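S.K.: Model the following, please.
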Amino acid sequence: MNKTFWIFYLVIFFFLNFFYCLDKQNFCSKEDATTNGCSDNQNIHLYKPQTRYILYDVNPSEGFNLRRDVYLRLAIMVHNFKKSKNHKLSTLKLVLPPWPHLYHWQSKDIFDQRRLPWSLFFDIPSLQKFAPVIEISDFFAEANSASIDETYTLENFEEMFESGVFVDKVEVRDCKRRHINNFYGYPNISSKITTCLGFQGHTSNLKTIFEKSDSQIFMFNRAEIFLHDEYGGKAFWEARRSMRFNKELVKIAKDFRKKNFNSTDKLDGINRPDDWTLEKPKRSAKGGNYLCVHLRRKDFIQGRPNDVPSLESASKQLKELLEKLKFDNIFISTDSPEAEFKKLSTLLKSKNNNIKTKRFTPSEEQKEKYKDGGIAIIDQLICSHAAYFVGTHESTFTYRIQEEREILGFPEHTTFNQLCGNDNPKSCKKSSVWKIVY
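M.R.: Down below sits the predicted model:
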């Protein structure tokens with residue numbers, strides 16, 4: 001009788017313990033496995049939380065380099081969530097939105113610049129060393145679904161300050177106007193729920209949404225509204241350092257530097273490990289024997305006329321710099337048409353025929369393969385390796401070059417420089433200095 005009782009007792013105890021450990025999906029959670037008696041040695045499988053996905057999109061009018069910054073804001077968020085003990089946060093992956101045909105990509109001889117993958121421009125394994133990010137093609141394969149559970153369209157608050165103080169705010173609201181969910185132009189993507197979200201503040205304020213929801217797939221439109229959690233801090237620079245470019249683009253830029261300026265990493269004092277996590281603080285980079293200028297024209301001439309010099313004023317400022325640096329070589333990165341580039345070159349060579357002006361002109365194959373975005377990256381790579389760089393006031397293209405030069409270890413005075421909007425040096429606006437942090 002006693003033996004039968006104890007066998008019955010042990011059987012009941014086993015099953016009670018078994019069902020106690022099971023969660024909704026009939027698996028032990030990681031926490032239960034360590035605190036409630038579940039064990040790998042039992043015939044019980046540890047619960048593996050379901051991967052959750054964050055998709056996002058940006059206002060169509062925003063350019064390539066601003067979109068890179070929006071990526072950083074979200075990558076830092078999921079990087080921090082990855083460390084969480086809450087599996088609703090730690091299982092989140094960021095889906096890289098395919099690149100649409102951007103306003104600045106105006107080449108008419110390039111076929112189809114829509115829905116371009118990030119791997120065309122960036123080294124994806126390098127990005128993944130910082131944060132759990134995947135291309136949208138991998139998302140389709142992993143999630144096995146094109147149905148988004150929750151879509152949020154972000155809206156600004158009309159009043160940003162309360163009693164003169166900026167306050168983080170998030171509120172679910174009725175959509176005041178009709179919002180069209182484009183879903184990157186994919187006809188097969190749909191959303192179960194679409195909500196308007198008044199949002200003001202940092203990306204980490206999304207934490208509550210992810211914690212309260214049991215959904216698997218989220219999407220956020222107008223993600224440029226999010227603010228950095230820690231702009232300029234250690235995590236920011238780790239994320240930024242992880243943004244290595246496509247290796248083929250890097251090689252094209254290296255070949256151009258060597259051919260035109262006899263510039264190589266070894267000669268230029270640039271020692272960059274293949275793995276960004278192995279980089280160390282440095283200020284020893286010398287750069288190639290050339291000056292690089294980023295001269296933004298086109299939309300800036302209309303939108304920021306006081307910040308953009310005339311070609312005559314730009315040539316005067318650049319000639320003075322060349323004389324001061326004792327350089328004859330200048331690389332010009334500009335969105336100007338060829339006629340303006342030739343005019344600037346002529347102005348620079350007046351009174352000094354030794355000055356050599358260069359710009360990168362891609363082959364037809366390079367242009368078709370890497371599109372306008374890839375060609376712009378090649379310009380940035382060449383500028384980031386120059387001994388001296390001068391940019392355009394408040395241009396995100398200039399900002400990205402300055403960040404790249406900080407990573408490479410250039411002295412600050414060779415990086416944070418910009419052209420004056422006119423011939424009066426007193427009216428010049430100084431470039432903001434954001435030093436790298438390790």
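S.K.: how close does the nearest residue to Lys82 once chain neighbours are set aside sit to Phe210?
M.R.: The shortest distance from Lys82 to any residue that is not its chain neighbour, by C-beta to C-beta, 6 or more residues apart in numbering, is 5.6 Å, and that residue is Ser90. In this view, the C-beta of every residue, glycine as well, is placed from N, C-alpha and C. Distance from Ser90 to Phe210, counting by C-beta to C-beta, to the nearest Å: 10 Å.
S.K.: And for stretch 153-172, what's in contact with it?
M.R.: Taking C-beta atoms under 8 Å, 6 or more residues apart in numbering as the criterion, the residues outside stretch 153-172 that touch it are 173, 175-176, 179, 181, 194-202, 205-206, 208, 220-223, 225-226.
S.K.: same thing but 6 Å
M.R.: Residues lying outside stretch 153-172 but in contact with it, judged by C-beta atoms under 6 Å, 6 or more residues apart in numbering, are His179, Thr195, Cys196, Leu197, Gly198, Phe199, Gln200, Gly201, Asn205, Asn221, Arg222, Ile225.
S.K.: do the same with stretch 222-234
M.R.: The set of residues external to stretch 222-234 that reach it, using C-beta under 6 Å, 6+ apart, is 56, 58-59, 62, 70, 73, 76, 154, 199, 201-204, 236, 434, 437.
S.K.: now stretch 93-104: mean pLDDT?
M.R.: Averaging the model's pLDDT scores along stretch 93-104 yields 96.
S.K.: can you tell me the distance between the two ends of it?
M.R.: With C-alpha to C-alpha, to the nearest Å applied, stretch 93-104 spans 29 Å between its terminal residues.
S.K.: which residues sit against it?
M.R.: If you take C-beta under 6 Å, 6+ apart as the criterion, stretch 93-104 is touched by 51, 53-55, 57, 63-64, 74, 78, 113-116, 118, 132-136, 139, 184.
S.K.: swap in stretch 324-332?
M.R.: Under the contact criterion C-beta under 6 Å, 6+ apart, stretch 324-332 has outside partners 261, 290-293, 354-359, 382, 388.
S.K.: That one: which residues count as buried?
M.R.: Phe327, Asn329, Ile330, Phe331, Ile332 (16 or more other C-beta atoms under 10 Å).
S.K.: Redo those as CSV? Include pLDDT.
M.R.: Formatted as CSV, those follow (pLDDT from 0 to 100):
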residue, pLDDT
Phe327, 97
Asn329, 98
Ile330, 98
Phe331, 98
Ile332, 98
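S.K.: wait, which of those residues is closest to Gly303?
M.R.: Among those, Ile332 lies closest to Gly303 (C-beta to C-beta), at 21.1 Å.
S.K.: what are the phi and psi angles of the residue most central in space within the chain?
M.R.: When the chain is reduced to its mean C-alpha position, the nearest residue by C-alpha atoms, centre = their mean turns out to be Arg68, at 2.9 Å. When read as degrees, to the nearest 10, the backbone of Arg68 gives phi -60, psi -40.
S.K.: what about Glu368, helix or strand, and which?
M.R.: Glu368 belongs to helix 364-384 when assigned by DSSP states H and E.
S.K.: Tell me the buried residues in that helix?
M.R.: Buried residues in helix 364-384, defined by neighbour count with 16+ other C-beta under 10 Å: 366-367, 370-384.
S.K.: do the same with stretch 144-152
M.R.: Along stretch 144-152, these residues count as buried under the neighbour rule (16+ other C-beta under 10 Å): Ile148, Asp149, Glu150, Thr151, Tyr152.
S.K.: next one: stretch 72-90
M.R.: 72-81, 87-89.
S.K.: and it, how far out from the chain's middle?
M.R.: Centre-to-centre, stretch 72-90 and its host chain are 16 Å apart (C-alpha atoms, centre = their mean, to the nearest Å).
S.K.: Can I get that stretch as CSV, trimmed to CA atoms?
M.R.: Included here for stretch 72-90 are C-alpha records, laid out as CSV according to Å, rounded to 0.1, in the frame of the first residue of the first chain:
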residue,chain,number,x,y,z
LEU,A,72,21.6,54.3,-36.1
ARG,A,73,18.8,55.4,-33.8
LEU,A,74,17.0,52.1,-34.2
ALA,A,75,20.1,49.9,-34.3
ILE,A,76,21.2,51.3,-30.9
MET,A,77,17.7,50.6,-29.5
VAL,A,78,17.7,46.9,-30.5
HIS,A,79,21.4,46.6,-29.4
ASN,A,80,20.3,47.8,-25.9
PHE,A,81,17.2,45.6,-25.9
LYS,A,82,19.3,42.5,-26.8
LYS,A,83,20.8,42.7,-23.3
SER,A,84,17.4,42.6,-21.7
LYS,A,85,16.2,39.7,-19.6
ASN,A,86,12.7,40.3,-21.0
HIS,A,87,12.4,38.0,-24.0
LYS,A,88,9.9,40.4,-25.5
LEU,A,89,12.7,42.9,-26.0
SER,A,90,15.7,40.6,-26.4
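S.K.: So which residues of this protein form strands?
M.R.: Taking DSSP state E as the test, the strands found in the chain are 52-56, 92-96, 133-135, 147-155, 161-162, 165-166, 169-173, 190-200, 217-221, 288-295, 329-334, 356-358, 386-390.
S.K.: and Cys428, what is it in contact with?
M.R.: With the criterion set at C-beta under 6 Å, 6+ apart, Cys428 makes contact with Cys420.
S.K.: Mind pulling the model confidence for Ile148?
M.R.: Ile148 carries a pLDDT value of 97.
S.K.: who's it bridged to?
M.R.: On the basis of DSSP bridges, Ile148 takes part in beta bridges with Ser191.
S.K.: Please apply the same query to the one 5 residues further on.
M.R.: For Thr153, the beta-bridge assignment (DSSP bridges) gives partners Cys196, Asn221.
S.K.: how many neighbours does it have?
M.R.: For Thr153, the tally of surrounding residues (other C-beta atoms under 10 Å) stands at 20.
S.K.: gap between it and Lys207?
M.R.: Separation of Thr153 from Lys207 (C-beta to C-beta) stands at 19 Å.
S.K.: And Ile436, by the same measure?
M.R.: Between Ile436 and Lys207 the distance is 28 Å, computed by C-beta to C-beta.
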